[in-house]
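Visitor: coordinates only, sequence not included:
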């Protein structure tokens, strides 16, 4: 599983916590059950404000990547894998899509 960087926009500008999620998650392969560093530890390591890290962790939790509980560690959760489409259905869909586009 790979957790990708999170980018948010605040007041029309890019959010500052994309690098937090990218550094802490996307550059590492995390498995369900892995524990992320504390908010303050990661903030110190990255040289950013702890509220920025907390916001990134909350965003990842809202997207279903982390289990966050106040006063506890942030843990990577198991996410259901999307079902794999049968190759024949994929080909049929591609043909129908091409017919609509062309």
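Guide: Great, that's in hand. Quantities reported herein were computed from a predicted structural model and do not represent experimental measurements.
Visitor: Point out where the protein drops to low pLDDT.
Guide: Scanning the chain for pLDDT under 70 picks out 1-28, 102.
Visitor: So which residues of it form helices?
Guide: For the chain, applying DSSP state H gives helices covering 18-21, 39-46, 50-62, 87-101.
Visitor: List just the one of these that sits closest to residue 77.
Guide: helix 50-62 (8.8 Å; CB to CB). Bear in mind the C-beta positions are built from the backbone N, C-alpha and C, glycine included.
Visitor: May I see the buried residues of that closest one?
Guide: Of all the residues in helix 50-62, those buried under the rule 16 or more other CB atoms under 10 Å are 52-57, 59-61.
Visitor: and of those, the nearest to residue 46?
Guide: residue 53 (7.4 Å).
Visitor: distance of that closest one from residue 94?
Guide: From residue 53 over to residue 94 the distance is 43 Å, taken as CB to CB, to the nearest Å.
Visitor: and what of residue 35?
Guide: Counting by CB to CB - residue 35 and residue 94 are separated by 42 Å.
Visitor: again with residue 64
Guide: For residue 64, the distance to residue 94 - CB to CB - is 29 Å.
Visitor: sorry, back to before: can you lay out the helices of the chain as a markdown table showing distance to residue 30?
Guide: Shown next, in a markdown table, are the helices of the chain (distance: least, CB to CB, whole Å):
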| stretch | distance to residue 30 |
| --- | --- |
| helix 18-21 | 11 |
| helix 39-46 | 14 |
| helix 50-62 | 11 |
| helix 87-101 | 29 |
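Visitor: The ones you listed: which one's closest to residue 81?
Guide: Here helix 87-101 is closest among the helices of the chain (CB to CB), at 16.8 Å.
Visitor: can you list contacts of the closest one?
Guide: By CB atoms under 8 Å, 6 or more residues apart in numbering, the residues outside helix 87-101 that reach it are residue 85.
Visitor: quick revisit: now the buried residues of helix 50-62 in JSON lines, with distance to residue 43?
Guide: Listed next are the buried residues of helix 50-62 as JSON lines, based on distance: CB to CB, whole Å:
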{"residue": "52", "distance to residue 43": "7"}
{"residue": "53", "distance to residue 43": "5"}
{"residue": "54", "distance to residue 43": "8"}
{"residue": "55", "distance to residue 43": "11"}
{"residue": "56", "distance to residue 43": "10"}
{"residue": "57", "distance to residue 43": "11"}
{"residue": "59", "distance to residue 43": "15"}
{"residue": "60", "distance to residue 43": "15"}
{"residue": "61", "distance to residue 43": "17"}
